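Chemist: Kindly return the folded structure for what I paste below:
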Amino acid sequence: MKRIILIVILCIYSFLSSASEPKKISENKKRNWSISVFIAGSNSDVQDNMEKAIIDAGFNDKPISLFLPSSSFPAKYDRGVSWKFSIKRRLKKSFYFGISSSKTYHGEIYGYDKDAKRLDIESSSYCISAMLIYNLNNFLDIGIGPAWLSNELWKTSEDNSDETDSFKENKIGFTAGISAKLPLYTRFFFEFNFQLRKVGKMEVGPFYGAEPQDEPSFEKQKINFDHTLTGLGLGIHF
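Modeler: The predicted structure is shown next:
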């Protein structure tokens, strides 16, 4: 008797599974569009390049002060919140076309020279990319495509005024990424995204002191703006 009940339960489960799964898949296929919004973090060569450049310029000294932490200089820390917005459209079967817009903050780095003068530099990238995306089992997206990036690097003034020295350059690069979505076959979902941006080097500098007659305290440099963006977000199919 127990064996018969078990067989009946398995048959019912098999029938329900076979009936519901195609429904889920067909419903998902009708939703050819999706939108996702991410909060993200960045890992880049910008900070490492700037650290070397600041050390070469002599801004790796620490002034004698009771108010400064005991950490070594130059010091680096995160600044700003990186974000990303993407929209995708199904083309055919497992292929999608996607467009994304994002703002990446590379953080801030600062140091002091032997005369206790401070050099404080921040940087960011704004990116618009288009990608051809392959979807695997409705769970994993793998994409690659061209990207337009506006890279900016600026020196904040020592007196915290609005006047800054800044350098900005628009460049064409490419991007590759991978993302995973859960749960499957639902209108709303969570999405984890990792994206690599290759954009090359940007020429920045020189930076001068506060007075017009000051000599450059930081000579012209080439900084590599290649970076990655890792984000966690929410999305919707429609």
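
Chemist: now I55, nearest residue through space, not along the chain?
Modeler: Closest residue in space to I55, ignoring its immediate chain neighbours: P74 at 6.7 Å, by C-beta to C-beta, 6 or more residues apart in numbering. Any C-beta I mention is one placed from the backbone N, CA and C, and that applies to glycine too.

Chemist: Tell me the spacing between that neighbour and I109.
Modeler: Per C-beta to C-beta, to the nearest Å, P74 is found 5 Å from I109.

Chemist: shared neighbours of the two, anything?
Modeler: Here P74 and I109 have 50-51, 54 as joint contacts, going by C-beta atoms under 8 Å, 6 or more residues apart in numbering.

Chemist: Return the residues in contact with S100.
Modeler: 84-87, 127-129, 131, 195.

Chemist: Tell me the bridge partners for it.
Modeler: S86, S129 (DSSP bridges).

Chemist: Q195 now?
Modeler: Beta-bridge partners, per DSSP bridges, of Q195: G177, L229.

Chemist: That one: neighbouring residues, count only.
Modeler: For Q195, the neighbour count with other C-beta atoms under 10 Å is 26.

Chemist: cool, and the one 4 residues further on?
Modeler: The tally of other residues near V199 (other C-beta under 10 Å) stands at 22.

Chemist: now it: how far from N170?
Modeler: For V199 relative to N170 (C-beta to C-beta), the value is 10 Å.

Chemist: overlap in contacts of the two?
Modeler: 149, 151.

Chemist: Strands of the protein, start to end?
Modeler: Assigned by DSSP state E, the strands in the chain fall at 33-44, 75-77, 82-92, 95-112, 118-136, 140-155, 165-182, 188-198, 201-204, 221-224, 227-237.

Chemist: For stretch 108-117, give the mean pLDDT please.
Modeler: Stretch 108-117 shows a mean pLDDT of 81.

Chemist: same deal with stretch 199-212?
Modeler: Mean predicted confidence for stretch 199-212 is 75.

Chemist: now swap in stretch 56-76 and tell me
Modeler: 69.

Chemist: Please apply the same query to stretch 86-104.
Modeler: 94.

Chemist: I'd like to know how far H227 sits from R197.
Modeler: From H227 to R197 the distance is 6 Å (C-beta to C-beta).

Chemist: what do the two both touch?
Modeler: Joint contacts of H227 and R197 (C-beta under 8 Å, 6+ apart) are 104, 125.

Chemist: Now the phi/psi pair for the residue nearest to I55, please.
Modeler: phi -70, psi 150 (degrees, to the nearest 10).

Chemist: Count the neighbours of it for me.
Modeler: Counted with other C-beta under 10 Å, P74 comes out at 24.

Chemist: One more: the one 10 residues further on?
Modeler: For K84, the neighbour count with other C-beta under 10 Å is 23.

Chemist: For it, give its distance to F190.
Modeler: 14 Å.

Chemist: and what of L232?
Modeler: 7 Å.

Chemist: That'll do, ta.
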